[in-house]
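A.B. asks: sequence plus the predicted model coming up.
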Amino acid sequence: MHSSRSGTPTGGRTPGTSERKHVDMKPLRRVPAEDVPAVVEALRAALAGGPAVWPTDGPATAGPPTAGPTTDRPAHWHAPAGHAPAGPVPAGHAPAEPAEVDDRVALVVETSGSTARPKRVMLSAEALRASAEATAERLGGHGRWLLALPAHYIAGAQVIVRALLAGHDPVVLGAAHFDAEAFVAATARLTRAAPHPAPRFTSLVPVQLGRLVDAAGGDHEHPAARALRAYSAILVGGQALAEPLRIAATELGARLVRTYGSSETAGGCVYDARPLAGVLVRVADGLVELGGPTLADGYLGDAERTAAAFLRDADGRRWYRTGDLGEIGPDGALRIRGRADDVIISGGVKVALGEIERAVRGIPGLEHAVVVAVDDPEWGQRAAVAAAGASVSLVRLAEATDAAGLPPAGRPARFARLEALPMLASGKPDRLAIVRELHSG
């Protein structure tokens, strides 16, 4: 891992379309993400140099015809129960939807996070392959994959890419919502397709892993526990994995690999705090920057955002500015402290909400707690903790943040017990919705 400008060149030019005056173009085909077989076939073609594919959340409403067959099968929406797909982008915020893209592009994935204006990330076949091959190298080889995530998110799309490069279609969860019963059934199908000792893999977000651990209830012989143990490795990413949840899953025998990355890096590119082969990591002005062959080409139809997020150093290497605060330890491990835009100034002291969140999630029952900023007439801003199905005193929260070495300004000023935490379709907490609930409560 690199904390300076050292490293090897990425081995080829991967500029955004805004950096090239004359480009060859090819079709961009939108495919409904719930039609997983169609997405699989479209990605197979895209990796071979065919039309680029854009998996969309819901039926395609514009653009060229979808690639691959369509059927009347039930929708394969794999987010955890209670998660609703993100609503439509408000008028005036959506970029144009071109029917063609640069010939380099194989996949477009839309990511909005907590913002109203989506980012449409363009990834080349080379970046997708580099990510998948580096994952295989880290995991000890290619294997069979279970798709338990939506295909229109990079984590789901990369499960498909890894499976295709291994020579197999992924086994699909095939349920309307993620739950332990559906995961157990899908794992059984995967096991029949790949009997021992064939490697088996899947990728989950923490809330999905939490549902499986809760279902097992500490019973090693529960079907959910046996299903967890059926995998050679389970990639867990999308958000921070709470330590109590990691311990509970590991005690059931799950072999977890914590991943860090984004759509702009073709998915996870740092596994268990160590970069994959070819991936470069450095910290500049406190912000994590990533480089290497897995980087996206940029944002579709958004040259301004592309220029702001992707830069070249004096040696010509491309870097992606993540917006995450981090540090590289003496052992070379990357530690993420939180989002730069989640740093608040409370009583004149800078406090990272991610650090507070990590501290309070160590309290039993608060493994999925979310920390957001609320206005305070005296301090300017203070941290507020929201959780579902649990209650805890502010004193206990202060004890947790103090024990983590945070300043008094990091002590939460409010705790809200919600019926359910609002979630984005990606499985991440909807922090804007949580703030609205706190203001309305």
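C.D. replies: Happy to help now that I have it. Numbering: from 1, shown residues only.
A.B. asks: wait, a strand at Arg337?
C.D. replies: Yes - counting by DSSP: H, G, I helix; E, B strand; the rest coil, Arg337 is located in a strand.
A.B. asks: apart from its chain neighbours, what residue comes closest to it?
C.D. replies: Residue nearest to Arg337 in three dimensions, not counting chain neighbours: Leu325, with 4.2 Å by Cβ to Cβ, 6 or more residues apart in numbering. No exception for glycine: its C-beta is placed from N, CA and C like everyone else's.
A.B. asks: what of Gly286?
C.D. replies: Nearest to Gly286 is Leu325, by Cβ to Cβ, 6+ apart, at 5.6 Å.
A.B. asks: list the contacts of the host helix or strand of that neighbour.
C.D. replies: Taking DSSP states H and E as the criterion, Leu325 maps to strand 318-328. By Cβ atoms under 8 Å, 6 or more residues apart in numbering, the residues outside strand 318-328 that reach it are 1, 3, 10, 14-15, 262, 264-265, 280-284, 286-291, 295-296, 308-313, 334-341, 343, 352, 354.
A.B. asks: can you tell me which of those are in helices?
C.D. replies: Those of the contacts of strand 318-328 mapping onto helices are 308-309, 354, per DSSP state H.
A.B. asks: count of neighbours near Glu419?
C.D. replies: 7 (other Cβ atoms under 10 Å).
A.B. asks: same check, this time on the one 10 residues further on
C.D. replies: A total of 22 residues lie near Pro429 under the criterion other Cβ under 10 Å.
A.B. asks: contacting residues for it?
C.D. replies: 239, 368, 370, 421-423.
A.B. asks: any idea which of those residues has the most stuff around it?
C.D. replies: For the contacts of Pro429, the largest number of neighbours (other Cβ under 10 Å) sits with Val370, at 26 neighbours.
A.B. asks: and the contacts of Pro429 as a markdown table, adding pLDDT, distance to Ala188 and secondary structure?
C.D. replies: Output for these, formatted as a markdown table (pLDDT from 0 to 100; distance: Cβ to Cβ, whole Å; DSSP: H, G, I helix; E, B strand; the rest coil):
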| residue | pLDDT | distance to Ala188 | secondary structure |
| --- | --- | --- | --- |
| Gln239 | 81 | 28 | coil |
| His368 | 88 | 27 | coil |
| Val370 | 93 | 34 | strand |
| Leu421 | 90 | 30 | coil |
| Pro422 | 89 | 33 | coil |
| Met423 | 84 | 27 | strand |
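A.B. asks: of those, closest to Arg414?
C.D. replies: Closest approach to Arg414 among those (Cβ to Cβ): Val370, at 12.4 Å.
A.B. asks: what residue lies at the spatial centre of the chain?
C.D. replies: Gly238 (3.0 Å; Cα atoms, centre = their mean).
A.B. asks: can you name the residues that contact the closest residue to that one other than its chain neighbours?
C.D. replies: Nearest residue to Gly238, sequence neighbours excluded (Cβ to Cβ, 6+ apart): Val205, at 4.1 Å. Contact analysis of Val205 by Cβ under 8 Å, 6+ apart lists 80, 149, 155, 236-239, 426-428.
A.B. asks: tell me the one of those residues nearest Glu399?
C.D. replies: Gln239 (24.1 Å).
A.B. asks: helices or strands up against the helix or strand in which Arg138 is found?
C.D. replies: Assigning secondary structure by DSSP H and E places Arg138 in helix 125-139. Packing contacts for helix 125-139, counted by 3 or more Cβ pairs under 8 Å, 6 or more residues apart in numbering; DSSP states H and E, involve helix 36-47, strand 105-111, helix 154-165, strand 267-271.
A.B. asks: let's see that with 10 Å instead.
C.D. replies: Counting contacts by 3 or more Cβ pairs under 10 Å, 6 or more residues apart in numbering; DSSP states H and E, helix 125-139 is packed against helix 36-47, strand 105-111, helix 154-165, strand 200-204, strand 233-236, strand 256-262, strand 267-271, strand 274-275.
A.B. asks: that one to strand 200-204, inter-axis angle?
C.D. replies: 110 degrees (axes from the mean of the first three to the mean of the last three Cα atoms, to 10 degrees).
A.B. asks: just to revisit the earlier point, pLDDT score assigned to the residue nearest to the centre of the chain?
C.D. replies: On the pLDDT scale, Gly238 is placed at 86.
A.B. asks: just say helix, strand or coil for it.
C.D. replies: coil.
A.B. asks: give me the buried entries from the ones in helices among the contacts of strand 318-328.
C.D. replies: By neighbour count, with 16 or more other Cβ atoms under 10 Å, the ones in helices among the contacts of strand 318-328 hold 309, 354 as buried.
A.B. asks: just the closest of the ones in helices among the contacts of strand 318-328 to Leu173, please.
C.D. replies: Checking these one by one against Leu173 (Cβ to Cβ), the nearest turns out to be Gly354, at 29.7 Å.
A.B. asks: Arg211 belongs to a helix, doesn't it?
C.D. replies: Yes - looking at Arg211 with three-state DSSP, it is inside a helix.
A.B. asks: pretty sure it contacts Ala227?
C.D. replies: No - using Cβ atoms under 10 Å, Arg211 makes no contact with Ala227, being 11.8 Å away.
A.B. asks: for those two, list the residues in contact with both.
C.D. replies: Counting by Cβ atoms under 10 Å, 6 or more residues apart in numbering, the residues touching both Arg211 and Ala227 are 180, 183.
A.B. asks: which members of the contacts of Pro429 are the farthest-apart pair?
C.D. replies: Once Cβ to Cβ is applied, those give Gln239 and Pro422 as the farthest pair, at 14.1 Å.
A.B. asks: next up, the contacts around the residue with the largest distance to the centre of the chain.
C.D. replies: Computed with Cα atoms, centre = their mean, the residue of the chain farthest from its C-alpha average is Glu378, at 36.1 Å. Glu378 sits next to 346-347, 413 when contact means Cβ under 10 Å, 6+ apart.
A.B. asks: now do the same for it: helix, strand or coil?
C.D. replies: Applying three-state DSSP: Glu378 is coil.
A.B. asks: quick check: the gap between it and Leu47.
C.D. replies: Shown here: Glu378 relative to Leu47, a distance of 57 Å by Cβ to Cβ, to the nearest Å.
A.B. asks: can you check His220 too?
C.D. replies: Using Cβ to Cβ, His220 is found at 40 Å from Leu47.
A.B. asks: ok, these two, which is more surrounded?
C.D. replies: Leu47 (20 against 12).
A.B. asks: without its sequence neighbours, what residue ends up closest to that one?
C.D. replies: Closest to Leu47 by Cβ to Cβ, 6+ apart is Ala125, at 5.1 Å.
A.B. asks: domain-wise, how is this structure divided?
C.D. replies: The chain breaks down into these domains under automatic domain parsing: 17-328, 340-440.
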